[in-house]
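Undergrad: Sequence and computational prediction follow.
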Amino acid sequence: MMIAVDLFCGAGGLTRGLRNVGIQVLLGVDVNEDYRKTYEANNGPAKFLSCDIRDLTGNQVTKLLPKHYSDELALVGCAPCQPFSAHRRNQASRNENRLLLEFERLIRELRPGWVFMENVPGLSKVPGYSAYRRFTRTLGLLGYKFEAQVVDAKKFGVPQTRRRFILLATRLGSISLPPATHGPKAIPYKTVRQAIGQLPSIKAGESYPKIPNHQAAEVTLVNLERLKHTPRNGGDRSAWPRKLILKCHSGSKGHEDVYGRMRWDAPAPTLTCRCFSISNGRYGHPTQHRAISLREAALLQSFPKRFKFFGRSQRSIGEQIGNAVPVLLAEAVGRQLQQSEQSISRNEKKPHTRSRRRTT
């Protein structure tokens with residue numbers, strides 16, 4: 001059975017998806033202690049280790065694994081992506097992302113049979129000898145074969161347009177990326193209506209106690225007025241009367257999604273850690289005068305309804321949801337890892353399996 005360690009695990013979207021397809025995730029690692037309760041409540045018996053990855057050693061991880069671990073180990077994760085985002089690409093070209101290089105270090109120390117990495121599309125586009133190029137060079141030197149590509153989560157059943165860079169690697173044989181399951185010539189994309197259309201109505205600032213995390217952020221009176229003037233089902237601020245237009249938007253057509261509403265019969269736009277706020281993107285509910293609730297955001301990230309989030313604030317929970325690997329994308333990756341493992345076992349059998357003993 002394949003086992004896994006999830007680095008930068010957050011709330012555990014990647015862990016949940018891998019566990020859903022039968023991969024035994026033993027450990028999630030994240031620096032933010034506030035995420036522990038969410039992770040362990042929804043992903044048990046996987047354990048949460050609150051630790052800065054820069055302080056984590058391969059020997060520490062090994063002690064938490066079975067006494068003899070072998071080629072079944074998958075090291076997975078999504079290093080925080082802000083340095084590689086489109087808005088900060090210049091900074092990324094000047095300062096390598098140390099966290100990605102710490103991921104690389106743990107691969108060198110643990111030599112897992114399998115590696116999965118997810119990040120923003122800009123990761124591989126940073127010019128020069130970037131952290132990503134160092135990462136892939138190390139994979140090659142250690143004998144890993146890998147495939148990498150920008151994919152859209154909606155092609156894997158996630159009700160959201162979310163372009164992400166994914167990389168799969170193994171030192172045991174060949175590897176390929178998961179095939180898309182949804183699209184124009186396949187299963188239709190899942191829509192906002194299908195994901196959240198059955199939830200009960202609530203007002204801004206309200207919650208629905210019987211559904212965990214179905215809580216909407218408060219809005220100011222002027223923003224409530226703006227929402228009332230925003231056409232339902234995909235409308236935006238272009239319909240506002242002049243008195244409601246912000247000075248920073250006057251005469252500008254940039255950032256048109258801000259204060260906009262989602263469309264019922266299309267996938268949601270890309271969710272961020274501030275997806276519960278109408279002023280941070282097209283996060284208005286299609287018909288109700290509020291931003292989407294935290295539960296609705298979680299469903300649009302393909303978390304199951306029973307997955308309950310805990311945190312000190314709405315902002316903390318929003319970060320857990322918005323930064324997560326969508327669960328259905330994680331499931332697709334997990335199935336692909338298992339299929340590759342089975343294929344290698346059938347067609348590329350080796351006389352012995354390389355294994356590592358736990359060190360003391």
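TA: On my side now, so go ahead. Fair warning: this is a prediction, and the values are worked out from it, not measured in the lab. Numbering: from 1, shown residues only.

Undergrad: ok, now how distant is Glu109 from Leu56?
TA: Here the criterion is Cβ to Cβ, to the nearest Å. By it, Glu109 lies 10 Å from Leu56. For the C-beta atoms, the positions are set from N, CA and C on the backbone; glycine is no exception.

Undergrad: do the same with Ser50
TA: 11 Å.

Undergrad: One more: Glu296?
TA: Distance, Glu296 to Leu56, using Cβ to Cβ: 35 Å.

Undergrad: Who has more neighbours out of these two?
TA: Taking other Cβ atoms under 10 Å, Glu296 and Leu56 do not tie; Glu296 has more neighbours (30 against 18).

Undergrad: Now do the contacts for the more buried one.
TA: Residues in contact with Glu296, defined by Cβ atoms under 8 Å, 6 or more residues apart in numbering, are Ala195, Ile196, Leu199, His214, His285.

Undergrad: The third one contacts Arg295, doesn't it?
TA: To tie it back to what came earlier, the one meant is Leu199. Yes: Leu199 is in contact with Arg295 according to Cβ atoms under 8 Å; the separation is 6.8 Å.

Undergrad: the more surrounded of the two?
TA: Counted by other Cβ under 10 Å, Leu199 and Arg295 do not tie: Arg295 has more neighbours, with 26 against 18.

Undergrad: how close does the more buried one sit to Ala169?
TA: Distance of Arg295 to Ala169, computed by Cβ to Cβ: 35 Å.

Undergrad: and Leu75, that one's in a strand?
TA: Yes: Leu75: assigned to a strand according to DSSP: H, G, I helix; E, B strand; the rest coil.

Undergrad: Any idea how many residues pack against it?
TA: 23.

Undergrad: That one pairs with what?
TA: Beta-bridge partners recorded for Leu75 (DSSP bridges): Val5, Val115.

Undergrad: residues near the closest residue to Arg16 other than its chain neighbours, how many?
TA: Of all residues not flanking Arg16 in the chain, Val327 sits nearest, at 5.2 Å (Cβ to Cβ, 6 or more residues apart in numbering). Neighbours of Val327 under the rule other Cβ under 10 Å: 25.

Undergrad: Need phi/psi at Val327.
TA: With angles defined as degrees, to the nearest 10, Val327 sits at phi -60, psi -40.

Undergrad: quick one: Lys203 from Arg261, how far?
TA: Note on Lys203: its distance to Arg261, by Cβ to Cβ, is 16 Å.
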